[in-house]
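Visitor: structure, please.
(one chain, ligands or ions: 1)
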Amino acid sequence: MLPDVTSMSVRSISKRVIIVLFDGLRPDLINPSLTPNLDRLQRRGAILARQRTIYPSETRTALTSLVTGTTPDRHGIVGNQYLDRLSAPPRSVDTSDDRLMEYLDEASGGRFLGAPSLGEILMENGRTFSVLASNSAGAIRLMNHKARTLDQVTISGHFPRIGTPAAMRERIEALIGPTPAPAPQGTPDLATQSFLTSAFLDVIWPQVHPDVAILSFGEPDTSSHYSGIGAPETLEAIGFVDAQFGRVLDWWEAEGASQGVHLVAASDHGHVTVQARADLFETLEAAGLRCGPVPEPGIDAIVVPGQVGAIYLAEPSGVAIRSAVAAMIERPWCGSVFTAGQGEVDGIAPGSFGRHLAFADHARSADILFSYRTDDAVDPFGLVGRSWSPDWPVGFGVHGGLHAKEMSSVGILAGPLIKSGLVSQVPSGICDFAPTVLRLIGISRPSTMTGRVLTEVFADGAEDAPRSIETVHEARDGGYLQHLRRVEVGAAIYLDTADVLSCSVRT
Ligand SMILES: [Zn+2]
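Guide: Here you go, the predicted model:
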């Protein structure tokens, strides 16, 4: 029998990986007419049909999990904003502030994150890493927070100051034009997506030839938030980023794949649509807690702004936590609730789960973590998934909680070492990308990673899919009953979804 020359030559070529991120893209919006290029990639590669993000399903928490291969309880970015109680006095840390994170990393001797990320791991292994992204400044910094000291390439589609090294940004701007300004809210953010795609195809790939690259599109997240997840503006943004991805895919089909390049398409979370306003602050004030966004004299409850429910109490006694939770779970907007754990499942407040069940137990974690209640009704665009919200207007897209449409995220892999035409029903998660990408380029999974290598999508992987075991946890208090589903594959555990099944609503 003749040797398989094609596969032997593919095996001998050094491998590279390009991860293309679509911020906030729901997998159920991928279809041949709206996203013909993602659809084309799906047919060329393997689809992770049960892909999940982490909790809270927020961009900067999720992207940190993507680059560290770990859950938030290990990497420590427990939310877009958190209270650092270890500093004196406690300070509020907003991870949208890229310079603050660089400062905190330096001040902590390089331990701002609790686990090494791809930039550091690749550098240690003598490999190169480039990030090009049109997300917020903080999100871009978290994709490689040590890029400046490691002298790795970072190109922001909106914020030139983040660009490293400065000479590379200047080279790109000289060739392609100035870094585009963000589009006004409610207008699709398009110019930056083509700017970054050109920067990648015309400069970074030919000149740097990175072993691993991230090309991250900030849309459709921006338009989903400010126009709605099925609005014409958002559909335009999705079509546009898909077309930019199509430029990468055309190059990959023409030459990248034969050069050993693998493509990964992913999103960091989905979206659901706001259906009603939650009276969170009124509820907490009625329970005797004076609320504010940051620690200040006279403030009892520091409530992190936004869709993610996170409350830090100035005096976090068990009595105070139980009293606040008791008031919250009576309200119709209250979804899943987590507090410090006692035992395997329960939190210290009746009805709540322990934070550890959601991989959210960290020194930076809030005393009360919760999501807003969701349902499976359709929104005005005909898309399933609605949520309450404390501050986003009705009809707009939000995320942060544990509804299936927030947790489900895009996962597609393609390349010479990946099965083609596979729809994998094996549960997977955003922490799996880093160990899988490292394996593709010949680096073994670091022990700091909780994610697993997705061997079931490898062309030389076993035919039999790994077994998964699902567990449904339950917590109840009075008429409030919440469920949390987790699923195990080997040593990896994924959060699937959570919901509230019944409640006693105070009238
Ligand atoms: Zn996002």
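Visitor: which bits of the stretch 51-200 of the chain sit near the ion?
Guide: T59 (C-beta under 5 Å from the ion). (C-beta placed from N, C-alpha, C; glycine too.)
Visitor: give me the below-cutoff pLDDT ranges for the stretch 51-200 of the chain.
Guide: Applying pLDDT under 70 to the stretch 51-200 of the chain flags no residue at all.
Visitor: now the helices: where do they sit in it?
Guide: For the stretch 51-200 of the chain, the helices defined by DSSP state H, counting those that start in this stretch occupy 59-68, 72-75, 98-107, 118-124, 137-143, 147-150, 166-176, 191-198.
Visitor: show me what contacts the residue in the stretch 51-200 of the chain that the ion sits nearest to?
Guide: For the stretch 51-200 of the chain and the ion, the shortest gap (C-beta to the ion) falls at T59, measuring 3.0 Å. By C-beta atoms under 8 Å, 6 or more residues apart in numbering, the contact set of T59 is 23-24, 80, 135-136, 139, 221, 268-269.
Visitor: now A324: which helix or strand?
Guide: helix 318-328 (DSSP states H and E).
Visitor: where does this protein dip in pLDDT?
Guide: Ranges of the chain meeting pLDDT under 70: 1-12, 503-507.
Visitor: what residues does it have near the ion?
Guide: So far as C-beta under 5 Å from the ion goes, the chain lies against the ion at 23-24, 59, 221, 268.
Visitor: sitting in helices, which of these do you find?
Guide: 59, 221 (DSSP state H).
Visitor: what is the burial count for the residue in the stretch 101-250 of the chain that the ion sits nearest to?
Guide: Nearest residue of the stretch 101-250 of the chain to the ion: D221, at 4.6 Å (C-beta to the ion). By the criterion of other C-beta atoms under 10 Å, D221 has 27 neighbours.
Visitor: before we move on, what about P116?
Guide: Neighbour number of P116 under other C-beta under 10 Å is 21.
Visitor: for the longest helix along the chain, name the packing helices and strands.
Guide: Determined from DSSP H, the single longest helix within the chain is helix 232-251. If you count contacts as 3 or more C-beta pairs under 8 Å, 6 or more residues apart in numbering; DSSP states H and E, helix 232-251 packs onto strand 16-22, helix 36-44, helix 191-198, strand 212-217, helix 221-227, strand 261-266.
Visitor: and those as TSV, adding distance to D97?
Guide: Below are the helices and strands packed on helix 232-251 laid out as TSV (distance: least, C-beta to C-beta, whole Å):
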stretch	distance to D97
strand 16-22	21
helix 36-44	32
helix 191-198	20
strand 212-217	19
helix 221-227	19
strand 261-266	25
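Visitor: list the contacts for the residue in the stretch 251-400 of the chain that the ion sits nearest to?
Guide: Here the residue of the stretch 251-400 of the chain nearest the ion is D268; by C-beta to the ion that distance is 4.3 Å. Counting by C-beta under 8 Å, 6+ apart, D268 touches 21, 23-24, 53, 57, 59, 62-63, 66, 409, 430.
Visitor: does I430 touch V67 like I think?
Guide: No. Using C-beta atoms under 8 Å, I430 is not in contact with V67, being 9.9 Å away.
Visitor: returning to what we had before: looking at the contacts of T59, which has the most residues close by?
Guide: Busiest of the contacts of T59 [other C-beta under 10 Å] is G24, holding 32 neighbours.
Visitor: now that residue. Nearest residue, chain neighbours left out?
Guide: In space, G24 comes closest to D221 once its chain neighbours are excluded; the distance is 3.2 Å by C-beta to C-beta, 6 or more residues apart in numbering.
Visitor: go on, R40?
Guide: Nearest non-adjacent residue to R40, counting by C-beta to C-beta, 6+ apart: L249, 6.3 Å away.
Visitor: that neighbour is in contact with A257, isn't it?
Guide: No. The criterion here is C-beta under 8 Å, and L249 misses it with A257 at 9.9 Å.
Visitor: how close does the residue nearest to M101 when sequence neighbours are not counted sit to P160?
Guide: Residue nearest to M101 in three dimensions, not counting chain neighbours: R141, with 5.4 Å by C-beta to C-beta, 6+ apart. Distance of R141 to P160, computed by C-beta to C-beta, to the nearest Å: 14 Å.
Visitor: over to S317?
Guide: In this view, S317 and P160 are 47 Å apart by C-beta to C-beta.
Visitor: and those two? Which one has more around it.
Guide: Comparing S317 with P160 by other C-beta under 10 Å, the one with more neighbours is P160, at 14 against 10.
Visitor: burial measure for E406, as a count.
Guide: E406 has 29 nearby residues by other C-beta under 10 Å.
Visitor: what helix or strand does it sit in?
Guide: Assigned by DSSP H and E, E406 belongs to helix 404-407.
Visitor: distance of the residue of the stretch 101-250 of the chain closest to the ion relative to T68?
Guide: 21 Å.
Visitor: for R91, see how far away the residue of the stretch 51-200 of the chain closest to the ion is.
Guide: Taking C-beta to C-beta, one finds T59 at 22 Å from R91.
Visitor: once you drop chain neighbours, what's closest to H269?
Guide: Leaving aside its sequence neighbours, H269 sits nearest to S57 (C-beta to C-beta, 6+ apart; 4.0 Å).
Visitor: got it, and L38?
Guide: I30 (4.9 Å).
Visitor: the one you found: how many residues sit nearby?
Guide: I30 has 23 neighbouring residues, counting by other C-beta under 10 Å.
Visitor: before we move on, what about I77?
Guide: When neighbours are defined as other C-beta under 10 Å, I77 has 26 of them.
Visitor: wait, what's in contact with it?
Guide: Here I77 is in contact with 60-61, 64, 95, 113, 142 (C-beta under 8 Å, 6+ apart).
Visitor: do D84 as well
Guide: 90-93, 364.
Visitor: identify the bridge partners of it.
Guide: D84 forms beta bridges with R91, as assigned by DSSP bridges.
Visitor: quick one on the thing from earlier: now do the helix holding E406: distance to the chain's middle.
Guide: Averaging C-alpha positions (C-alpha atoms, centre = their mean, to the nearest Å) puts helix 404-407 11 Å from its chain's average.
Visitor: got it, and stretch 44-61?
Guide: Using C-alpha atoms, centre = their mean, the offset of stretch 44-61 from its chain centre is 7 Å.
Visitor: which residues touch the spatially closest residue to D268 that is not a sequence neighbour?
Guide: Excluding its sequence neighbours, the residue lying closest to D268 (C-beta to C-beta, 6+ apart) is A62, at 3.9 Å. Contacts for A62 were tallied using C-beta under 8 Å, 6+ apart; they are 53-54, 268-269, 409, 430.
Visitor: same thing but 10 Å
Guide: Counting by C-beta atoms under 10 Å, 6 or more residues apart in numbering, A62 makes contact with 21, 23, 53-56, 72, 77, 139, 142, 266-269, 399, 409, 430-431.
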